[in-house]
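K.L.:
Next input, structure requested:
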Amino acid sequence: MLFTMSESNILDLLLSVTHTLQADQDRELDRRGLTTARTHLMWVLFHGGPATQVQLAEALAVTPRNVTALVDGLEATDLARREPHPTDRRAVHVHLTERGLSIMETMNAEHTALGSDLLAGLDEATVATTIRGLEAIRANLERLIAEHEAARAE
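P.N.:
The predicted model follows:
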């Protein structure tokens, strides 16, 4: 297969895109007084609805203690609230507040608009090829990470 860019150029470009997206996200979250971790939890609630702290810990791949601290912070800023679980007396459901829901609706609209803006001027074939290429790169990266972790564990 013939490549017009070297493999390291592609990696450098992916790293640059990642850095640019992360810096932009950090600025936007800071402007709203949010952190990446709190926003991720809110994103899970926005798209999945109320959840227990155990479910949130699993979804975020963090410890329940970490979720407790995140929810405490969101409650303190009126972005989320805990309510008794409807069927389990030992558990609570975490919900977005109206303020939290409003912020997430705005962020979701911005997310959609940015996705559209990033594809502006690209034809459908280019978009489809880019998606296939990025999915393949992600799959390769996940495989390489798993192989690396398995080798380290031996």
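K.L.:
Show me where this structure has its helices.
P.N.:
Using DSSP state H, the helices found in the chain span residues 7-31, 36-48, 53-60, 64-76, 98-118, 124-153.
K.L.:
Model confidence for the residue nearest the centre of the chain, exactly?
P.N.:
For the chain, the residue nearest the mean C-alpha position is residue 40 (5.4 Å; Cα atoms, centre = their mean). Residue 40 carries a pLDDT value of 96.
K.L.:
which stretches of the protein have low pLDDT?
P.N.:
1-5 (pLDDT under 70).
K.L.:
rerun that using 90 as the cut-off
P.N.:
Within the chain, the segments meeting pLDDT under 90 span 1-11, 85-91, 154.
K.L.:
can you list the domains in it?
P.N.:
1-31, 33-97 (automatic domain parsing).
K.L.:
Make JSON lines from these and add distance to residue 152 to it.
P.N.:
For every residue, glycine as well, the C-beta is placed using N, CA and C. Below are those laid out as JSON lines (distance: least, Cβ to Cβ, whole Å):
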{"stretch": "domain 1-31", "distance to residue 152": "21"}
{"stretch": "domain 33-97", "distance to residue 152": "19"}
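K.L.:
for those, which one ends up most surrounded?
P.N.:
domain 33-97 (a mean of 16; mean count of other Cβ atoms under 10 Å).
K.L.:
Could you tell me the end-to-end distance of that one?
P.N.:
Chord length of domain 33-97, first to last residue, is 16 Å (Cα to Cα, to the nearest Å).
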